[in-house]
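A.B. asks: whatever this is, show me its structure:
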Amino acid sequence: MPTPQKEALVAELRQAIEESESIYLAEFQDLSVAEMNELRGQILEYQAYLRVAKNRLLKLAFAGTQAEELCEHLTGPTAVAFCQSDPIAVAKVLTEFGRDHQHLVMKAGLFDGMILDQERMAQIAQLPPRDQLLAQVLASLISPASSVVNLLGAVTSQFLLTLQAVADKHKSEEEE
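C.D. replies: The predicted structure follows:
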């Protein structure tokens, strides 16, 4: 029989799922409380938070949501990272933390509506940060316009130099 505390936890997890832009599952074993708090602090900087709950409760929370397919990855001790703003940065933090602490292993994730396996999670973690990606997109959009402006500026400049040369030649002919 479910207790009110467990029902409240499932409701809280379900709300976190609905509010999250991405969700990452990581298996942790033998991590100390200090290490877990360090990891929580690192991902909190990116408006994300880490939650540890029983797999049975996570399955109940995932049921009927976009994260339902993650249920098959709920084995062993599982930490769930709920990301509200910068999923790439959070994936980087989790991956780097896992490199430094072999007891944390990325299992799966939900990113942009797609379920990701470990390999895809590693690829996401290698992407540049969101701000840098946006800057790259903007630069690629601006680049053609900038080239046209530079080309027109060069044509105008060349035309003015040619006119100046003609004027100088005409002036030197008059002086003779």
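
A.B. asks: so for the longest helix seen in the chain, mean pLDDT?
C.D. replies: In the chain, taking DSSP state H as the definition, the longest helix is helix 130-175. Mean pLDDT, helix 130-175: 74.

A.B. asks: next, Ala79: secondary structure please.
C.D. replies: The assignment at Ala79 comes out as strand when based on DSSP: H, G, I helix; E, B strand; the rest coil.

A.B. asks: which strands and helices sit next to the longest helix of the chain?
C.D. replies: helix 87-100 (3 or more Cβ pairs under 8 Å, 6 or more residues apart in numbering; DSSP states H and E). All C-beta atoms are positioned from the backbone trio N, CA, C, and that covers glycine.

A.B. asks: list the buried residues for the helix or strand just after the helix it packs on?
C.D. replies: Sequence-wise, the next helix or strand downstream of helix 87-100 (DSSP states H and E) is strand 104-111. Neighbour-count burial for strand 104-111 flags 104, 106-111 (criterion: 16 or more other Cβ atoms under 10 Å).

A.B. asks: give the next helix or strand downstream of strand 104-111.
C.D. replies: Sequence order places strand 114-116 as the next helix or strand after strand 104-111, per DSSP H and E.

A.B. asks: could you list the residues in contact with that following strand?
C.D. replies: 69-70, 108-110, 124 (Cβ atoms under 8 Å, 6 or more residues apart in numbering).

A.B. asks: will you turn those into JSON lines that also has distance to Asn37 and pLDDT?
C.D. replies: JSON lines is the format used below for the contacts of strand 114-116 (distance: Cβ to Cβ, whole Å; pLDDT from 0 to 100):
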{"residue": "Glu69", "distance to Asn37": "30", "pLDDT": "89"}
{"residue": "Leu70", "distance to Asn37": "24", "pLDDT": "89"}
{"residue": "Ala108", "distance to Asn37": "24", "pLDDT": "90"}
{"residue": "Gly109", "distance to Asn37": "22", "pLDDT": "90"}
{"residue": "Leu110", "distance to Asn37": "25", "pLDDT": "90"}
{"residue": "Ile124", "distance to Asn37": "25", "pLDDT": "78"}
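
A.B. asks: looking at those, which is nearest Gly76?
C.D. replies: Of all the contacts of strand 114-116, Ala108 has the smallest distance to Gly76: 12.3 Å, by Cβ to Cβ.

A.B. asks: do you know how far the residue lying closest to that closest one once chain neighbours are set aside is from Leu58?
C.D. replies: Leaving out its chain neighbours, the residue that sits closest to Ala108 by Cβ to Cβ, 6 or more residues apart in numbering is His73, at 4.1 Å. Separation of His73 from Leu58 (Cβ to Cβ, to the nearest Å) stands at 10 Å.
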